[in-house]
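1. Provided below for reference: sequence and predicted model.
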Amino acid sequence: MLRSTLTSACRRAAALIVAGVMVPSGWGQDASQVPNAPSSQTQKAAPTTAQPFVLKDYAQPRSHFPNPIGPYTQRTVAPPSLANTARIEQLMREGKLYLSMNDAVALALENNLDIAIARYNLNIADTDIWRANAGQATRGVNTGVVQGTPGGTGTGVGSTSTGGGAGGTTAGTGGAGAGTSGLVTSTTGVGAAIPSFDPFLTGTVQIDRNRTLPTNVFADPFTDTNTTTANFSYQQGFHLGTNLTVGFNNSRTTSSSSFLDRSPLLTPSFRATVNQPLLSGFGLLPNTRFIRIAKNNRAISDVAFRLQVITTVNQVQNIYWDLVNAYENVKVQQDSLALAQKTLSDNQKQVEIGTLAPIEVVRARSVVATNQQSLIVAQTNLQLQQLLTKNALSRTLVDPVLADAEVIPTDTMSVPENEPVVPTQDLVNEALSRRAELAEARIDLTNRDITTRSAKNALLPTVNLFAYYGGSGLGGDQNVNCTQQGCPPPNSIPSTGYGDTLNQLVNSTAPDKGVGLQLAIPIRNRSAQADQVRSQLEYRQAQMRLQQQENQIRIEVRNAQFSVQQNRASVEAARAAVELGKQSLDAEQKNMHSAPQPPRSSCKTIAI
């Protein structure tokens, strides 16, 4: 019938118009008004001085100056502020949050928790540099991309792309571990033992009182011995593998024995030893490998954080366009429901006058019920998308200002007339020079090269050249208790003070000096051979992975160009379909008005 035909044509025209509006997002944007937004002007947020998640500078450890006990006191990392920044309040008007795309990106940079979590990795990498400068092995850094924003990884209403890093989110390329993306990193940092570059000062102060019983008939009934000991040592390693050790020992002993010449007896001594590896462990590379790896890992952390920001901004943009589409979908469903209700009303009137079969009323009611369901689904999807948007742009949703606020996007999509024509090879070259994944992989390859050279050095036997110099002194007073035969005459031993005793340590009164070689040759050396070959294999594996990543990026660039062409064709097809729907609607309306008994309603009530 004419009424049914007109209704069907109207619905087809409305559907085609909606298809033209809902074409793939991301073509462009302008500041025109979206549905339910009271103003078409993009609201610009006033600049705010609040900085989100500000961390202190942990690039340098504490020194002894000006605070002598600074290195031995803890440094407390302040808990993060979980309150939203002031920019959100500046964008609120009449209980609604008005967002442009630029506002959404700015809020994400300030509040998004994915970025905040990744920001800690920079300071964590700094602490690895501390450890390496002290001669300790690094603990590794995380170079993955955090994916904790709902709606930004395809879990929300819209489907969005995700980012990825070279290290993954559970094992970083800088630390020794199982590896990720098919790569093994178990030999990272292998090599000869590294001395401690931080000096160590150790000391022992002890007071001992001892009484011994006689063991033969010629001994004293008992002997009381009081000993005071103060021993100190200093040890430090250097970047060539050199190890310096200086020991200084002091002992003062008083005894009631009648057989000792001196009481108190002073016996200071010292010894300085220098140990230098000549084969395994010699040179800057094997001894500073952790320092170099830690600094490279810090550079990887910088690149990974840049990738995190790029990924999160991309997710926020997709979430924003999903919100715009959700608003458009609600508007379309409202119009569809209004048309169905109008059709039902007209059919009921025609049934009353006998010009339409009653079954058409039943069909119209079914269409109304279906459209009501579609509208409820669209409205709930819009509410969910608003929630996902607020979550992506805030630190907490437990905010009375933000919790119940409606999010109004102020930017809409527009399609440019033409895309700039750039040669494919230029795009590929730019991607190869700028992609964060490749930058991470190249720095990681440098770390693996350091490991292979260090593992090669560890194959050598251990040959250490050492030299030492020391001295000992003897002093004190003559023992007045010495009364046995053979004791020196009274006052025959001059008293020697502690200062004169210390002088004996350096004036060659009783020197102790020497030089030597220490040799250790592992007969089969299988462990070092395994590490050396394994490190080479891991290095070659990483080279292949780098080439694979470059090939993937070349494909991604070309695929992106294909997608642009396909999307442009989809837009043109949608525009042609919309134009066809409009012309079909106009033709049906003309036929309706030229009919002998035109119906009382038409499609002119539909908002298109």
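-> The structure has been received and is ready for your questions.

2. use CA for all of it now, contacts and neighbours both
-> Fine.

3. in the stretch 1-150 of the chain, what spans have low per-residue confidence?
-> 1-55 (pLDDT under 70).

4. so where do the strands sit in it?
-> Using DSSP state E, counting those that start in this stretch, the strands of the stretch 1-150 of the chain run over residues 29-30, 92-93, 96-99.

5. just the chain next, same as before
-> Using DSSP state E, the strands of the chain run over 29-30, 92-93, 96-99, 200-212, 223-237, 243-249, 251-255, 262-266, 269-277, 406-409, 412-413, 462-472, 475-478, 511-520.

6. how about these in a markdown table, adding distance to residue 141 and mean neighbour count?
-> Below are the strands of the chain laid out as a markdown table (distance: least, C-alpha to C-alpha, whole Å; neighbours: other C-alpha atoms under 10 Å):
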| stretch | distance to residue 141 | mean neighbour count |
| --- | --- | --- |
| strand 29-30 | 39 | 16 |
| strand 92-93 | 39 | 14 |
| strand 96-99 | 36 | 22 |
| strand 200-212 | 28 | 11 |
| strand 223-237 | 26 | 16 |
| strand 243-249 | 29 | 18 |
| strand 251-255 | 49 | 19 |
| strand 262-266 | 54 | 22 |
| strand 269-277 | 31 | 20 |
| strand 406-409 | 38 | 22 |
| strand 412-413 | 40 | 22 |
| strand 462-472 | 32 | 18 |
| strand 475-478 | 57 | 22 |
| strand 511-520 | 35 | 13 |
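
7. Dump those to CSV, plus distance to residue 146.
-> Converted to CSV, the strands of the chain look like this (distance: least, C-alpha to C-alpha, whole Å):
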stretch, distance to residue 146
strand 29-30, 28
strand 92-93, 29
strand 96-99, 25
strand 200-212, 40
strand 223-237, 39
strand 243-249, 43
strand 251-255, 61
strand 262-266, 66
strand 269-277, 44
strand 406-409, 25
strand 412-413, 28
strand 462-472, 45
strand 475-478, 70
strand 511-520, 48
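
8. any low-confidence regions in the protein?
-> 1-55, 153-182, 217-219, 483-486, 491-492, 589, 592-608.

9. in it, which spans are helices?
-> With helices called from DSSP state H, the chain shows them at 2-21, 87-90, 101-111, 113-133, 284-353, 359-392, 400-403, 424-434, 436-457, 498-503, 526-594.

10. Output those in TSV; the columns should cover mean neighbour count.
-> Output for these, formatted as TSV (neighbours: other C-alpha atoms under 10 Å):
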stretch	mean neighbour count
helix 2-21	19
helix 87-90	18
helix 101-111	21
helix 113-133	21
helix 284-353	22
helix 359-392	19
helix 400-403	14
helix 424-434	14
helix 436-457	22
helix 498-503	16
helix 526-594	16
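
11. Please render those helices as a markdown table that adds distance to residue 253 to the earlier fields.
-> Shown next, in a markdown table, are the helices of the chain (distance: least, C-alpha to C-alpha, whole Å):
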| stretch | distance to residue 253 |
| --- | --- |
| helix 2-21 | 98 |
| helix 87-90 | 75 |
| helix 101-111 | 69 |
| helix 113-133 | 42 |
| helix 284-353 | 44 |
| helix 359-392 | 74 |
| helix 400-403 | 77 |
| helix 424-434 | 73 |
| helix 436-457 | 49 |
| helix 498-503 | 13 |
| helix 526-594 | 50 |
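
12. do you know which of those lies nearest residue 72?
-> Closest approach to residue 72 among the helices of the chain is made by helix 113-133 (14.6 Å; C-alpha to C-alpha).

13. Can you tell me how far residue 336 is from residue 330?
-> When distances are taken as C-alpha to C-alpha, to the nearest Å, residue 336 and residue 330 turn out to be 10 Å apart.

14. wait, isn't residue 403 in contact with residue 397?
-> Yes - using C-alpha atoms under 8 Å, residue 403 is in contact with residue 397, at 5.8 Å.

15. Out of the strands of the chain, which gets nearest to residue 590?
-> Residue 590 lies closest, by C-alpha to C-alpha, to one member of those: strand 412-413, at 33.4 Å.

16. Provide the strand pairings for that closest one, with the direction of each partner.
-> strand 29-30 (antiparallel) (DSSP bridges).

17. I figured residue 192 hits residue 280, correct?
-> Yes - the pair residue 192 / residue 280 is scored as a contact, 6.4 Å apart, by C-alpha under 8 Å.

18. Mutual contacts of the two, please.
-> Residues touching both residue 192 and residue 280 by C-alpha atoms under 8 Å, 6 or more residues apart in numbering: 457, 458.

19. hmm, back to that, a markdown table please, covering the strands of the stretch 1-150 of the chain and showing distance to residue 557.
-> Formatted as a markdown table, those follow (distance: least, C-alpha to C-alpha, whole Å):
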| stretch | distance to residue 557 |
| --- | --- |
| strand 29-30 | 23 |
| strand 92-93 | 40 |
| strand 96-99 | 31 |
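
20. Quick one: closest of these to residue 549.
-> With C-alpha to C-alpha as the measure, strand 29-30 is the member of these nearest residue 549 (32.2 Å).

21. what's the residue positioned nearest the centre of the chain in contact with, if anything?
-> Geometric centre of the chain, nearest residue: residue 118, 3.7 Å, by C-alpha atoms, centre = their mean. Applying C-alpha under 8 Å, 6+ apart to residue 118 gives the contacts 145, 146, 305, 308.

22. one step back: of all the helices of the chain, which one comes closest to residue 269?
-> Closest approach to residue 269 among those is made by helix 498-503 (8.2 Å; C-alpha to C-alpha).

23. Show me the contact partners of the closest one.
-> Helix 498-503 is touched from outside by 266, 267, 268, 473, 474, 475, 476, with contacts defined as C-alpha under 8 Å, 6+ apart.

24. of the helices of the chain, which approaches residue 184 most closely?
-> helix 526-594 (6.2 Å).

25. how far off helix 436-457 does that closest one point, in degrees?
-> 170 degrees (axes from the mean of the first three to the mean of the last three C-alpha atoms, to 10 degrees).

26. so what does helix 526-594 touch, helix or strand wise?
-> Helix 526-594 makes packing contacts with helix 2-21, helix 424-434, helix 436-457 when contacts are defined by 3 or more C-alpha pairs under 8 Å, 6 or more residues apart in numbering; DSSP states H and E.

27. cutoff 6 Å now
-> Judged by 3 or more C-alpha pairs under 6 Å, 6 or more residues apart in numbering; DSSP states H and E, helix 526-594 is in contact with helix 2-21, helix 436-457.

28. Can you tell me how far residue 196 is from residue 106?
-> 46 Å.

29. Identify the residues contacting the closest residue to residue 466 other than its chain neighbours.
-> Leaving out its chain neighbours, the residue that sits closest to residue 466 by C-alpha to C-alpha, 6 or more residues apart in numbering is residue 275, at 4.3 Å. Each residue near residue 275 by C-alpha atoms under 6 Å, 6 or more residues apart in numbering is listed here: 242, 243, 465, 466.
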